[in-house]
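Asker: Please work out how this folds:
(one chain, ligands or ions: 1)
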Amino acid sequence: TRLILATRNAGKVTELRAILADAGLPHDLVGADAYPDIPDVKETGVTFAENALLKAHALAQATGLPAVADDSGLCVDVLNGAPGIFSARWAGTHGDDRANLNLLLAQLSDIDAPHRGAHFFCAAALALPDGTERVVEGRLRGTLRHTPKGTNGFGYDPILQPDGYEVTCAELTPPEKNAISHRGKAFRELVPVVRELLG
Ligand code: ITT
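Answerer: Numbering: from 1, shown residues only. Predicted structure coming up:
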């Protein structure tokens with residue numbers, strides 16, 4: 001069976017392919033870019049789970065194929081969970097990772113170490129063309145560095161140092177990050193659900 005990855009974020013596509021392949025998902029994974037005519041979904045939900053379901057349903061309806069989607073972001077304790085669902089456009093332009101990270105660092109410049117707790121959050125959704133839906137969640141706790149470090153990954157990876165580590169997510173290898181990440185946890189939990197519903 002074909003399974004559509006309902007995301008246009010290249011960093012996510014790379015990670016999702018590895019996470020789902022490692023979990024032994026036998027499906028033929030197709031990126032949303034294979035369907036360029038389908039308009040972008042308006043992420044009008046107020047939670048990660050709502051937005052993940054909106055994206056998965058939109059692609060499943062448009063393609064007639066089962067779709068999985070990821071809605072994710074960085075939630076900062078001292079900002080009461082912001083940027084949260086607005087992580088991809090925190091500085092204004094959707095997907096400008098560098099600007100988003102720099103704005104966040106500027107906003108936190110006066111906050112010192114004990115108060116720099118944060119977590120990455122991921123909602124992973126599966127939607128079938130008949131309307132069936134499932135959503136699961138995962139998170140990764142850590143601390144925000146004052147200066148970015150590392151070149152792997154994407155988004156806020158260069159500033160999030162996972163609890164128990166002395167390096168940032170951007171200094172981990174892709175398999176190391178996937179083993180502990182919000183996205184890895186959520187999608188590994190979604191795999192048996194995909195198997196149960198799609199065989
Ligand atoms: P799609 O909606 O097409 O999937 P998007 O980039 O718009 O792509 P989101 O709305 O879920 O996706 O926003 C995710 C943002 O959260 C992303 O742009 C990063 O800034 C941040 N983020 C999520 N997961 C991350 C990770 O593993 N490492 C670093 N930053 C991450």
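
Asker: Now do the nearest residue to G73 once chain neighbours are set aside, the pLDDT please.
Answerer: Residue nearest to G73 in three dimensions, not counting chain neighbours: S87, with 3.3 Å by CB to CB, 6 or more residues apart in numbering. Where C-beta positions appear, they are placed from N, C-alpha and C, glycine not excepted. On pLDDT, S87 comes in at 98.

Asker: what's the answer for the one 5 residues further on, then?
Answerer: G92 carries a pLDDT value of 97.

Asker: need the contact list for it.
Answerer: For G92, the contacting residues are A99, by CB atoms under 8 Å, 6 or more residues apart in numbering.

Asker: just A58 next, same as before
Answerer: Contacts of A58 (CB under 8 Å, 6+ apart): A6, I38, V41.

Asker: Drop anything exposed from these.
Answerer: By neighbour count, with 16 or more other CB atoms under 10 Å, the contacts of A58 hold A6, V41 as buried.

Asker: Which of the contacts of A58 fall in helices?
Answerer: Judged by DSSP state H, the subset of the contacts of A58 located in helices is empty.

Asker: could the contacts of A58 go into TSV alongside distance to the ligand and pLDDT?
Answerer: TSV is the format used below for the contacts of A58 (distance: CB to the nearest ligand atom, whole Å; pLDDT from 0 to 100):
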residue	distance to the ligand	pLDDT
A6	7	92
I38	12	87
V41	8	89
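
Asker: List the contacts of C122.
Answerer: 48, 70-72, 137-139, 181-183, 185-187.

Asker: ok so, going back, need the three-state assignment for the residue nearest to G73.
Answerer: helix (DSSP: H, G, I helix; E, B strand; the rest coil).

Asker: Tell me how far it lies from F154.
Answerer: To F154, S87 is 11 Å away according to CB to CB, to the nearest Å.
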